[in-house]
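Engineer: curious how this folds, go ahead:
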Amino acid sequence: METPSAPHRLDPAGGCPHADNARLLARGAVAPVVLPGGIEGMAVLGHEALREFLQHPEVAKDARHFTRLREGRIPTGWPLLTFATVRGMTTADGDDHRRLRGLVSRAFTPRRVEELRHRVEELTGTLLDDLDRAADGDGVADLRRHFALPLPMGVIGELLGVEAEFRDRLHHLSNQVVATDIEPAEAVAANRELAAVLAAVAAARAERPGDDLTSALIAARDEDGDRLGQEELIGTLVLMIIAGHETTLNLVTNAVRALCGHRDQLELVRKGEANWADVVEETLRWDAPVSHFPFRYPVRDLTVDGTVIPAGTPVLAGYSAAGRDPAAHGADADRFDVTRPARPDAVRHLSLGHGAHYCLGAPLARLEATVALERLFDRFPALDLAVPEDSLARQASFVGNSVRTLPVRLRPRPGG
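Structural biologist: Numbers count the residues shown, from 1 in each chain. A predicted model of the protein is given here:
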């Protein structure tokens with residue numbers, strides 16, 4: 001297959017990715033793209049091609065393999081720079097990756113996640129009360145602000161030992177980090193402030209250790225200085241804060257939008273013909289919370305599905321495209337169907353990654369989303385969007401995939 005001559009220019013302002021994804025997939029599973037600032041890259045969009053690419057032994061995450069960055073041709077304020085340069089699991093390979101992942105993984109074992117269930121349920125109940133109180137005279141409230149955001153931020157904040165007063169600021173800053181339309185000076189300032197806030201969190205935990213992951217990471221650093229440096233500690237916290245709440249925030253938001261737009265699917269759950277875990281998995285496939293995740297770099301020229309990706313090219317993982325790839329999911333891949341049968345290879349979607357870098361927090365994200373959706377629709381069975389779906393403003397990012405606000409009507413209007 002020949003590489004198309006006209007690269008797809010990704011819109012820094014984000015927007016719904018699905019129409020562009022369908023057009024690109026019709027041309028091939030791998031597409032050349034233009035990143036902000038005119039930086040040339042590639043995106044792997046097809047399910048099977050992405051699955052192969054994510055676990056390919058000659059694809060790296062360390063930015064020293066990013067040719068243009070290594071040669072000093074990436075500006076300091078480039079909006080995607082943090083994804084390449086932050087020190088942590090998502091930018092490490094081999095032994096470094098295994099070391100960093102091993103230090104964090106203790107917080108996400110199946111036993112530890114199950115131990116969090118009661119706290120997730122308790123916090124969900126509190127937030128549903130808050131959502132109800134936030135509703136205006138017409139019973140309308142922003143579900144994203146009052147429910148979908150504070151749930152995962154509260155859970156990851158407690159896991160990391162982040163005091164409540166820091167959480168709103170951390171969400172704002174992490175939102176700026178994943179934005180792709182941000183100005184260079186704003187990007188630099190947001191990254192500096194995010195690092196400074198997390199350094200303050202780490203300093204507080206070093207002074208007053210607790211039963212949290214940050215304290216455990218600091219203890220590992222202090223026991224053996226070679227295991228985790230200060231830059232890696234802050235980088236790990238940056239990644240945990242962003243991945244620990246942005247993905248679940250978008251997942252819950254997108255699932256509620258999907259169910260409100262497909263009441264027949266919600267009815268299947270209520271009849272017991274599907275369950276809430278099915279809703280979560282189909283949302284992950286149909287409307288992935290992350291659309292294009294940066295970056296991976298081939299360490300040599302690599303042919304993927306007939307297209308050559310040159311060594312050192314920054315490559316995006318096209319999760320939202322892969323989720324609706326007709327070659328993998330059938331002619332009805334763009335249909336939301338909570339009873340969709342499992343694929344023969346048991347890989348229903350790739351939206352939480354694949355291979356060595358599979359999302360460490362996936363079990364926690366699934367727990368949070370499943371509990372949140374079940375309790376939400378039990379409490380407000382008639383919940384529906386308060387505005388038309390196509391009027392919802394999208395996130396200003398082609399990385400995150402969701403909407404900025406989600407006004408919902410909690411109960412039917414009197415006489416409605």
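Engineer: which strands and helices sit next to the helix or strand where Val155 lies?
Structural biologist: Under the criterion of DSSP states H and E, Val155 resides in helix 150-160. Contacts defined by 3 or more Cβ pairs under 8 Å, 6 or more residues apart in numbering; DSSP states H and E place helix 150-160 against helix 117-134, helix 164-178, helix 213-223, helix 230-261, helix 362-379. For every residue, glycine as well, the C-beta is placed using N, CA and C.
Engineer: now the angle from the helix or strand just after the longest one to helix 362-379?
Structural biologist: With elements assigned by DSSP H and E, the helix or strand that comes after helix 230-261 is helix 263-270. For helix 263-270 and helix 362-379, the angle between their directions (axes from the mean of the first three to the mean of the last three Cα atoms, to 10 degrees) works out to 100 degrees.
Engineer: list the buried residues of helix 263-270.
Structural biologist: By neighbour count, with 16 or more other Cβ atoms under 10 Å as the criterion, the buried positions of helix 263-270 are Gln265, Leu266, Leu268, Val269.
Engineer: the second one and Gly272: what is the separation?
Structural biologist: Separation of Leu266 from Gly272 (Cβ to Cβ, to the nearest Å): 13 Å.
Engineer: what bridges to Phe293?
Structural biologist: The bridge-partner assignment for Phe293, based on DSSP bridges, gives Ala317.
Engineer: mind pulling the model confidence for the residue nearest to Asp325 when sequence neighbours are not counted?
Structural biologist: Leaving aside its chain neighbours, Asp325 sits nearest to His47 (4.3 Å; criterion: Cβ to Cβ, 6 or more residues apart in numbering). We have a pLDDT of 97 for His47.
Engineer: cool, and Val387?
Structural biologist: The predicted local distance difference test score for Val387 is 97.
Engineer: now the one 10 residues further on
Structural biologist: Ser397 carries a pLDDT value of 94.
Engineer: and it, what element?
Structural biologist: Residue-wise, Ser397 maps onto no helix or strand under DSSP H and E.
Engineer: would you confirm that it contacts Val177?
Structural biologist: No - contact criterion Cβ atoms under 8 Å: Ser397 and Val177 do not qualify, at 9.7 Å.
Engineer: okay, these two: which has more neighbours?
Structural biologist: Each of Ser397 and Val177 had its neighbours counted (other Cβ atoms under 10 Å), and the higher figure belongs to Ser397 (26 against 23).
Engineer: quick one: contacts for Ile156?
Structural biologist: By Cβ atoms under 8 Å, 6 or more residues apart in numbering, Ile156 lies in contact with Val162, Met240, Ile241, Gly244, His245.
Engineer: burial count for the fourth one?
Structural biologist: The burial count assigned to Gly244 is 27, neighbours taken as other Cβ under 10 Å.
Engineer: ok, now which ones touch the spatially most central residue of the chain?
Structural biologist: Nearest to the mean C-alpha position of the chain, by Cα atoms, centre = their mean, lies Thr247 at 3.2 Å. By Cβ under 8 Å, 6+ apart, Thr247 lies in contact with Pro152, Pro289, Val290, Leu352, Cys359, Gly361, Ala365.
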